[in-house]
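Chemist: Provide a 3D model corresponding to the input given below.
(chains A and B)
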Amino acid sequence: MNSILTIKNLEYAFTVRRRQVYALQGVDLKVERGECLVLAGESGAGKSVLAGCLLGINAENGKVTGGTILYDDGTEPAIELTALNTQRDWLRIRGRKIAMVTQDPMTGLDPLRTVGYQIGEALKLHSELRGRAIKKRVCELLEEVGITEPEKRFRQYPHEFSGGMRQRAVIAMALACSPKVLVCDEPTTSLDTVIQTQILKVLIQLKEKYGLTILFITHDLQAARSIADRVAVMHEGRIIETGACREILEHPKEPFTAYLVQSAAAVRGASVTVSEEETKRTENISNIPEGALRSEKTFQGETGKAKILELDHVTVSYGRSRGGVPVIKDLSLDLYEQEITGLVGESGAGKTTIARAICRVLPIDAGEIRYRGSRISGKLSRKTEKELAGEIQLVFQDPMSSLNERATVGYIVAEGLYAGRKLPRREIEKRAERILAETGLQPQDTAGFPYEFSGGERQRIGIARALITEPGLLIADEPVSSLDAPIRIQVLDLMKKMVRERRMSCLLITHDLAAARRYCDRIAVLRNGELVEAAPAEELFRKPRHPYTRSLVEAAADQANQAEQTQASAEPSCSE
Amino acid sequence: MRKSNLPEKKSYWGMILKEFLTNRSAVFFLCVMTALVLFVFLQPYLPGQRSPVMIYNDPATGIQFRNRTPDAEFWLGTNSIGQDLWARTWAGARTSLLIGFVTAGIEILLGTAAGLIWGYWKRFDLVFTEIHNLFSNVPRTLVLILLSYIRKPGAGTIILALSLTGWLGTARLVRNMVVILRDREYNIASRVLGSSAARIMVRNLLPYLTGICAMRAAFAIPAAIGNEVFVTYIGIGLPADMPSLGNLIQAGRLVMSEPALRYQLLLPVGIVSLITVSMYVIGNAFADASDPRRSV
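Modeler: Take a look at the predicted model:
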């Protein structure tokens, strides 16, 4: 029996501004019938491009420059996917033989059509079913993917579905024409852990029932554990290692695979040292000393430290013209000089609102914010405002939207200096180059535009921009949650190192308690706009006072344990 | 995808220009437009040119040269009252290009400035929206007709009338873009860094508007010419003794039914088409070049 997909020496290039950029550089991969193959790798490794090749849906400026993909499900003569040219040809493949589940369930569905209609559409196009029969089939599909009350859900719109349900609906849509292969491109990345597990379960059930072949793309090896039969690791447009799931997770051969396994574990809270050599493999930072990468907890939160920022009974609400919805309710919190304070809470707790209120982007309704003793909320004199500019800086969550796409990196990084201080241009440029070098980029990157950089590099640019004004307080609003596991640690380590070197204070906003423990001196827990608990990090973990904090700590510990297990088994082979 | 062998490029505008210059058809049409403008404005100073308004009589009979066909003396022949069509065509193009460029310039400058203010500061939103509603409810044609009645007919009147209404569309377009961009994180970052509103507008917003501004400008020039043709056609535009492409096309239309005289319409229509196509291609190429993400 042949493999259902045979990819041979596949090369794929995009033409960007008349330059050829190779996304795939000779991929060899076989996917067997009825297996679940997990394709793992960092962002930019070429995973999604490979998936796009299977369905012929890559951007128009890309083309296959070499190699072949053979599809053979045993019922018809094999089809060479790379030889398909027209959309008409592809329509025989898409949905019917190979179907795709996309990453973002929000964009995978049309907000203006009912979910039932959208799933039915595929049936209308590809099958003989009409009218009632379509509805019946759609309801069956919805039930299949674990959506209860399919009759009612059929008539609902995507916004009435939760994220997990939407992802289920997208899976149902992919299954509508009974494909043989299901390509899942990071289907669970935007979902939280509990829902993730559920979706994976659904996929496993479907695979068993229909003998589906699943190609599951992810950057998170831990998440793939429960579903994978085999794992293929991708790096810089090549498959560097394939093997059984256990084999790869526990005895990775390639150093990069080991590194991927470890970092997936590390993000989940296990105390891991990412060795310097491995860090260098993916991005060129050579100037981070060993110690900075270790989860050190040497810093003792001294009492009697000077306060850098005081939030005094602060209330912030949105939509003030119509009564207003308070998002932050009567919050009091102190940040201390040269400390990293973690602000932890689930999405919707008001974390970003606080960050923006401190930066004076949002006005506060009641209370007062003081920076180094003087009030910075409400109306300020021009002079104070001038002095304040650059003192409190923000690092944003999304490295895509937080950089001006149409300015050079040099300008973006130096903007704080151009805007505030009276410095000669030459000096500003020099400082920009210096800070870029410090964040692990090249000085000549000043001439580039943001689109030329990866997510992690963009976040480094964001950090450089925030630090160039030498602020007293850095607010990092979920700085790594949109990055891949391996890169998360690099960015957080870098940030910590720079904050410590400059003797700054930092407010690290995150939903990840484990990360907060690793990087913060003090942790404040926020829930529904109210402060639940604030304590030095270790103390909070040892003796969480509030039940909510306790539940968070336990959840984090669970994850850490899981990761630790993998870790323990992966460790020996790393030292080989 | 990453750098390394990238050439040194220092600013966004330099990048746009460089990118624009690599678009062959755009550069070709830019050359065509430049040549056209140069020729149109230099033509009166060339040797052997006739006056565009002078009526030429046959010295033998004393009667005007009516609709004389092209020959060595009158390169494009004469019109129905004996004026030299060659001279009139270029004089007409001169007037129309002037009106087109000035109107488009005013429209883009005024529209972009108004749109930036309208969109950037929430407190101006209501005022500007009402102004916009008020003006945009008056049909453009009506404004054109009214102003042509009030003021003396002439190029100035047409420019005024066209600019009075033209900026509204641009302003609204720019405003909508600014509202979308205003609260993007990179702008919040700039505010937190202490950048002034002016700096944010020039460095953060304007580059994102170049695309739509280029397209608006590209369309505004032929549109201004078209409008001038229209008002002149209904008889309230430019005075009859001032040649314009509008005048010429109108005159050409009158003789269109006579197959032997159709050539009179050809050149003015050709010039209008050339301008329209060139500006469209140039504007499009510029808009394309303005997006650094665009993949070629």
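Chemist: Is it correct that A:Gln196 is in contact with A:Gln222?
Modeler: No - using Cβ atoms under 8 Å, A:Gln196 makes no contact with A:Gln222, being 10.1 Å away. Glycine gets a C-beta too; all of them are placed from N, C-alpha and C.
Chemist: Just list what the strand or helix carrying A:Asp493 packs against, helices and strands only.
Modeler: Assigned by DSSP states H and E, A:Asp493 belongs to helix A:485-501. Identification of packing neighbours for helix A:485-501 by 3 or more Cβ pairs under 8 Å, 6 or more residues apart in numbering or on different chains; DSSP states H and E yields helix A:255-267, helix A:276-282, helix A:290-293, helix A:455-467, strand A:473-477, strand A:505-510, helix A:513-519.
Chemist: separation between A:Leu91 and chain B?
Modeler: Look at A:Leu91 and chain B: by Cβ to the nearest Cβ, to the nearest Å, they are 25 Å apart.
Chemist: So for that residue, what pLDDT did the model give?
Modeler: At A:Leu91, the model reports a pLDDT of 83.
Chemist: helix/strand/coil for it?
Modeler: helix (DSSP: H, G, I helix; E, B strand; the rest coil).
Chemist: Not counting residues beside it along the chain, what's closest to the residue of the stretch 251-400 of chain A found nearest chain B?
Modeler: Of all residues in the stretch 251-400 of chain A, A:Ala389 sits closest to chain B, at 2.8 Å by Cβ to the nearest Cβ. The spatial neighbour of A:Ala389 that comes closest, neighbours along the chain excluded (Cβ to Cβ, 6 or more residues apart in numbering or on different chains), is B:Gly194 at 2.8 Å.
Chemist: ok, now which ones touch the one you found?
Modeler: Residues near B:Gly194 by Cβ atoms under 8 Å, 6 or more residues apart in numbering or on different chains: A:386, A:388-390, A:416, A:419-420, A:469.
Chemist: of all these, which comes closest to A:Arg96?
Modeler: Of all the contacts of B:Gly194, the one sitting nearest A:Arg96 is A:Gly416; the distance, using Cβ to Cβ, is 54.7 Å.
Chemist: Just to check, the closest one is in contact with A:Ile468?
Modeler: Yes - contact status for A:Gly416 versus A:Ile468: in contact at 5.2 Å, counting by Cβ under 8 Å.
Chemist: Any chance you could list residues touching both of the two?
Modeler: Counting by Cβ under 8 Å, 6+ apart, nothing touches both A:Gly416 and A:Ile468.
Chemist: which one of those two has more residues nearby?
Modeler: When A:Gly416 and A:Ile468 are compared for neighbours, A:Gly416 comes out ahead with 28 against 22, by other Cβ atoms under 10 Å in any protein chain shown.
Chemist: residues contacting the more buried one?
Modeler: Contacts of A:Gly416 (Cβ under 8 Å, 6+ apart): A:390, A:393, A:465-466, A:468-469, B:193-194.
Chemist: Give me the PyMOL select line for the residues you listed, limited to the buried ones.
Modeler: The following PyMOL line selects those of the contacts of A:Gly416 that are buried, judged by 16 or more other Cβ atoms under 10 Å in any protein chain shown:
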select buried, (chain A and resi 390+393+465+466+468+469) or (chain B and resi 193+194)
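Chemist: Could you export the contacts of A:Gly416 as TSV, including distance to A:Ile240 and pLDDT?
Modeler: TSV is the format used below for the contacts of A:Gly416 (distance: Cβ to Cβ, whole Å; pLDDT from 0 to 100):
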residue	distance to A:Ile240	pLDDT
A:Gly390	44	83
A:Gln393	39	92
A:Arg465	34	93
A:Ala466	35	92
A:Ile468	37	91
A:Thr469	42	88
B:Leu193	41	89
B:Gly194	46	86
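Chemist: for the contacts of A:Gly416, which one is nearest A:Asp73?
Modeler: For these, the nearest to A:Asp73 is A:Arg465 (51.4 Å; Cβ to Cβ).
Chemist: just checking, A:Cys53 touches A:Leu10?
Modeler: Yes - with contact defined as Cβ under 8 Å, A:Cys53 counts as touching A:Leu10 (6.7 Å).
Chemist: Would you mind listing the residues touching both of the two?
Modeler: With Cβ under 8 Å, 6+ apart, A:Cys53 and A:Leu10 have common neighbours A:24, A:64, A:69, A:82.
Chemist: Identify the residue spatially nearest to the third one, adjacent ones excluded.
Modeler: Leaving aside its sequence neighbours, A:Ile69 sits nearest to A:Leu81 (Cβ to Cβ, 6+ apart; 4.1 Å).
Chemist: quick one: pLDDT of the one you found?
Modeler: 83.
Chemist: try A:Lys305
Modeler: pLDDT, A:Lys305: 75.
Chemist: Just to be sure, it is in a strand?
Modeler: No - counting by three-state DSSP, A:Lys305 is located in no strand; its state is coil.
Chemist: my guess is it meets A:Glu339, correct?
Modeler: Yes - if you go by Cβ under 8 Å, A:Lys305 and A:Glu339 touch, sitting 7.0 Å apart.
Chemist: Tell me which of the two has more neighbours.
Modeler: A:Glu339 (21 against 15).
Chemist: how much space between B:Ala240 and B:Ile55?
Modeler: 12 Å (Cβ to Cβ, to the nearest Å).
Chemist: Please enumerate the strands of the stretch 251-400 of chain A.
Modeler: A:307-318, A:325-336, A:340-344, A:366-371, A:374-375, A:392-395 (DSSP state E, counting those that start in this stretch).
Chemist: Reformat those strands as JSON lines; add distance to chain B.
Modeler: Formatted as JSON lines, the strands of the stretch 251-400 of chain A follow (distance: least, Cβ to the nearest Cβ, whole Å):
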{"stretch": "strand A:307-318", "distance to chain B": "13"}
{"stretch": "strand A:325-336", "distance to chain B": "16"}
{"stretch": "strand A:340-344", "distance to chain B": "17"}
{"stretch": "strand A:366-371", "distance to chain B": "13"}
{"stretch": "strand A:374-375", "distance to chain B": "17"}
{"stretch": "strand A:392-395", "distance to chain B": "5"}
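Chemist: want to throw the ones you listed into JSON lines with distance to B:Asn79?
Modeler: JSON lines is the format used below for the strands of the stretch 251-400 of chain A (distance: least, Cβ to Cβ, whole Å):
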{"stretch": "strand A:307-318", "distance to B:Asn79": "69"}
{"stretch": "strand A:325-336", "distance to B:Asn79": "73"}
{"stretch": "strand A:340-344", "distance to B:Asn79": "80"}
{"stretch": "strand A:366-371", "distance to B:Asn79": "77"}
{"stretch": "strand A:374-375", "distance to B:Asn79": "78"}
{"stretch": "strand A:392-395", "distance to B:Asn79": "69"}
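Chemist: what's the closest of the ones you listed to A:Ile523?
Modeler: Nearest to A:Ile523, of the strands of the stretch 251-400 of chain A and by Cβ to Cβ, is strand A:340-344 at 4.3 Å.
Chemist: Give me the sheet partners of the closest one and which way each runs.
Modeler: Sheet pairing here is set by DSSP bridges, and for strand A:340-344 it gives strand A:505-510 (parallel), strand A:522-527 (parallel).
Chemist: got the contact list for the last one?
Modeler: Residues from elsewhere that reach strand A:522-527, judged by Cβ under 8 Å, 6+ apart: A:301, A:331, A:333, A:336, A:339-346, A:349-351, A:354, A:513, A:516-517, A:531-537, A:540, A:546, A:548-549, A:552.
Chemist: Buried among these? Need that as a selection in PyMOL.
Modeler: In PyMOL, this line selects whichever of these come out buried by 16+ other Cβ under 10 Å:
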select buried, chain A and resi 301+331+333+336+339+340+341+342+343+344+345+349+350+351+354+513+516+517+531+532+533+534+535+536+537+540+548+549+552
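Chemist: Let me know the distance separating A:Gly52 from A:Thr188.
Modeler: A:Gly52 is 19 Å from A:Thr188, by Cβ to Cβ.
Chemist: Ok, A:Val170 next?
Modeler: 12 Å.
Chemist: next one: B:Ser136
Modeler: Counting by Cβ to Cβ - B:Ser136 and A:Thr188 are separated by 49 Å.
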